[in-house]
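# Can you look at this prediction? I've put the sequence above it.
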Amino acid sequence: MAVTGTGTQADPFIVHSYTEFISLSNHVAVEDSSVYIQFFDDEHPNQTINCNSYGSEFKWGQFTGKADVTTFINLNGCTIKNLLIDENCAMFYAVGFNDTYPHWHAAKIKVSNGAILNIFASAASSKLIVGQVDFFNVSISINSAGITGKLISGVANDKRCNIDNTSIYLDHSKLYAHLIDYTNITDSDMEFYVTDMNSLFLFQYCDVIGCRIQGKLGGLFYRTGNYPSFHFDVIGYNYGSSSAEAKLVLTNCVIDIDISEATLNWTGAPIYMIGIYNDASLNTNVICKSHWVPNYGVPSDWNYMVHEGVESIRNGSYLNEKGFVCAIVVAGG
């Protein structure tokens, strides 16, 4: 088939395959600095694109947003699955360029309403999203067997990714950099399984609101240098009282992380699920105390919310009653 439509909001480009979709990469604006792309027409929603059908050597190329253009991508209930992201490549890339500082010609990509499942990173340089990319109502599962990091990465505080009403399942091997940075995440459900955290953590420069964060993290926990000195922060840390200084702010979140099999290379140093420094605040309602590193006590000064037992905070129905939005976490394709 071929791409149809004109790319306007009323008449979006209709794509039916990877080849048709990637052909619209870096596309010029067709309406008010915007271009609209939809997977399949309204009479045939909820289709599946199985990238295995492109052959065993297939690798997903980079869909690039054009500078000064917002690209709206409506998955239309479509599931894209079994894809390998090429090295030095992001599945969605929206950075733009800066020709004369501080004049930033931003690209923006907004992806909604579907699923992207069983994503594999072919190299440490493979990413899911880079730049001002937004996900709304998307289910994502990532399976990375190698050494990767910054799979979801904004550019700076004023050019962040935005993830809303989305589920993210990640089965990961070893981190060389933080998994998610410069990203706002709201009303989403995340589940992470990382074999080797090393000296890194999950979030940096992120605001996370109304989310559930679950999973299991392992490996050798160690911290070198003064960053901050001799602490290990599992999720991340909030340093300073102003938003410009904050590395991670969590509000109205449920955290249920198993670190019972983690090992340490020093004795007596504190481990924090979230590190709070320099009079920063902790606004998270629920932090689960179970599955802690053996022989290490949970810090007594955390702001725990009283809850009805460990199992209740793992129950989506219970959390929905309390005002949380719990998306469906999908393990694979």
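Noted; the coordinates are in hand.

# wait, doesn't A124 sit right on T148?
Yes. In this structure, A124 sits in contact with T148. The criterion is C-beta atoms under 8 Å, and the distance is 5.4 Å. Where you see a C-beta, it was placed from the backbone N, CA and C, and this is true even at glycine.

# Which one of those two is surrounded by more residues?
With other C-beta atoms under 10 Å as the criterion, A124 and T148 differ in neighbour count, and T148 comes out ahead with 25 against 18.

# how much space is there between the more buried one and L175?
Distance check for T148 against L175: by C-beta to C-beta, to the nearest Å, it reads 7 Å.

# With R160 instead?
Going from R160 to L175 by C-beta to C-beta gives 20 Å.

# which stretches of this structure form helices?
Using DSSP state H, the helices of the chain run over 18-22, 316-321.

# all strands of the stretch 51-200 of the chain, in order?
Along the stretch 51-200 of the chain, counting by DSSP state E, counting those that start in this stretch, strands occupy 63-64, 70-74, 79-85, 90-94, 97-100, 103-105, 108-121, 127-131, 133-148, 152-153, 161-164, 167-175, 180-186, 189-196.

# Which pLDDT value goes with the residue nearest to K174 when sequence neighbours are not counted?
If the residues on either side of it in the chain are set aside, K174 comes closest to D196, at 4.0 Å by C-beta to C-beta, 6 or more residues apart in numbering. At D196, the model reports a pLDDT of 81.

# again, but for I213
88.

# ditto for N157
With respect to pLDDT, N157 scores 79.

# heads up, I number from 36, so please use that
That works, and once the first residue is 36, the last one we named lands at N192.

# So for stretch 160-174, mean pLDDT?
Summarised as a single mean, pLDDT over stretch 160-174 is 92.

# And for stretch 124-134?
Stretch 124-134 comes out at a mean pLDDT of 86.

# Now do that stretch: everything it contacts.
With C-beta atoms under 8 Å, 6 or more residues apart in numbering as the contact definition, stretch 124-134 has outside contacts at 94-100, 102-103, 106, 118, 120, 139-144, 146, 151, 154, 160-168, 190, 194.

# List buried residues within these.
Buried members of these, scored by 16 or more other C-beta atoms under 10 Å, are 95-100, 102, 106, 118, 120, 139, 141-144, 146, 151, 154, 160-168, 190, 194.

# what ranges of the stretch 236-368 of the chain fall below the confidence cut-off?
258-266, 276-281, 300-304, 316-320, 323-368 (pLDDT under 70).

# Model confidence score at the residue most central in space within the chain, please.
With distances taken as C-alpha atoms, centre = their mean, the chain has I187 as the residue nearest its mean C-alpha position (4.9 Å). Confidence per residue is given as pLDDT, and for I187 that number is 91.

# so who does it touch?
162-164, 196, 198, 214-216, 218.

# So what pairs up with it in the strands?
According to DSSP bridges, the residues that bridge with I187 are I164, I215.

# and if you look at G149?
With DSSP bridges as the criterion, the beta-bridge partners of G149 are V173.

# neighbours around it, how many?
Using other C-beta under 10 Å, the number of residues around G149 comes to 24.

# Surely it touches I175?
No. In this structure G149 lies outside contact range of I175 using C-beta under 8 Å: 10.0 Å.
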